[in-house]
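Engineer: Quick one, fold the following:
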Amino acid sequence: MSPEQMRGEPLSVSTDVYGMGAVLWEVLVGRSLFSWSTSLIDAQRRASRGAPAPSTYRRDLPPALDAVCLKALAREPEHRYGSAGEMCDALERASREFPPLPSRREIAFWVNELLGARIASRRAKVAEVRRARGAAAPHVDATRGCRWP
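Structural biologist: Next up, the predicted model:
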C-alpha cells in the first residue's frame, strides 16, 4: 500500500506508480521491500520511513536505477513520476547503464509474436460487444497500446 492509501487519502495515478516502484525494487533486489505484517501500525511505520536504495542490497546496481526506484517510492505523491509512461521512460534511460532492457517497440513486437492471435481474437470479441452496444471501437497502435475514442 502506498502511504496515502494508509492515510485514507484519495488514490491517483501516483498510487499505481508507487506500486510499480515497489515491484521494481523487489525485482532489482530479489526480496520483499517490506516485511509482511497484519498490523496497520507496522505498515504505517514502514511507509513513513521510506525505502532504502536498491543498491544497499545490490552493490552492482547503477545510481540511475536507484534514482528511478526511489522517485517512484517517494512518500508524497507529488514527488513521484506523473505517470507510468514517465516512469517507463526514466527506467529505459537508466537501464542503459545496466543490462539493457528492451524498448517498448521490442516488447510490443515480442508480445505480438507470442500472443498476436490470442490478442486479435479478444480484440474482435471486444469490438463485437462494443458494436452491439453502439460504442466506438478502440484505435490500436502496436507500439503504444489501445487508445479508446
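Engineer: if you go through the protein in chain order, where are the helices?
Structural biologist: Here the chain has its helices, by DSSP state H, at 3-6, 13-29, 40-49, 63-72, 84-94, 104-133.
Engineer: So for residue 78, which of those sits nearest?
Structural biologist: helix 13-29 (7.5 Å; C-beta to C-beta). Every residue, glycine included, has its C-beta placed from N, CA and C.
Engineer: which residues sit against that closest one?
Structural biologist: 2-5, 32-33, 51, 54, 57-58, 61, 65, 68-74, 77-78, 80-84, 87, 91 (C-beta atoms under 8 Å, 6 or more residues apart in numbering).
Engineer: Show me the residue at the heart of this structure, geometrically.
Structural biologist: Nearest to the mean C-alpha position of the chain, counting by C-alpha atoms, centre = their mean, stands residue 20 at 3.4 Å.
Engineer: separation between that residue and residue 14?
Structural biologist: 10 Å (C-beta to C-beta, to the nearest Å).
Engineer: repeat for residue 71
Structural biologist: The value you get for residue 71 to residue 14, if C-beta to C-beta is used, is 11 Å.
Engineer: So the two - more neighbours on which side?
Structural biologist: residue 14 (21 against 16; other C-beta atoms under 10 Å).
Engineer: intersection of neighbour lists for residue 71 and residue 14?
Structural biologist: Common contacts of residue 71 and residue 14, defined by C-beta under 8 Å, 6+ apart, comprise 80, 81.
Engineer: What pLDDT is listed against the closest residue to residue 57 other than its chain neighbours?
Structural biologist: Of all residues not flanking residue 57 in the chain, residue 29 sits nearest, at 4.7 Å (C-beta to C-beta, 6 or more residues apart in numbering). Listed pLDDT for residue 29 reads 91.
Engineer: okay, now residue 29: neighbour count?
Structural biologist: A count of nearby residues for residue 29, using other C-beta under 10 Å, gives 19.
Engineer: contacting residues for the closest residue to residue 53 other than its chain neighbours?
Structural biologist: Spatially, and ignoring its direct neighbours in sequence, residue 53 is nearest to residue 66 (4.3 Å; C-beta to C-beta, 6+ apart). Neighbour list for residue 66: 53, 54, 55 [criterion: C-beta under 8 Å, 6+ apart].
Engineer: gap between residue 66 and residue 54?
Structural biologist: Taken as C-beta to C-beta, the span from residue 66 to residue 54 is 6 Å.
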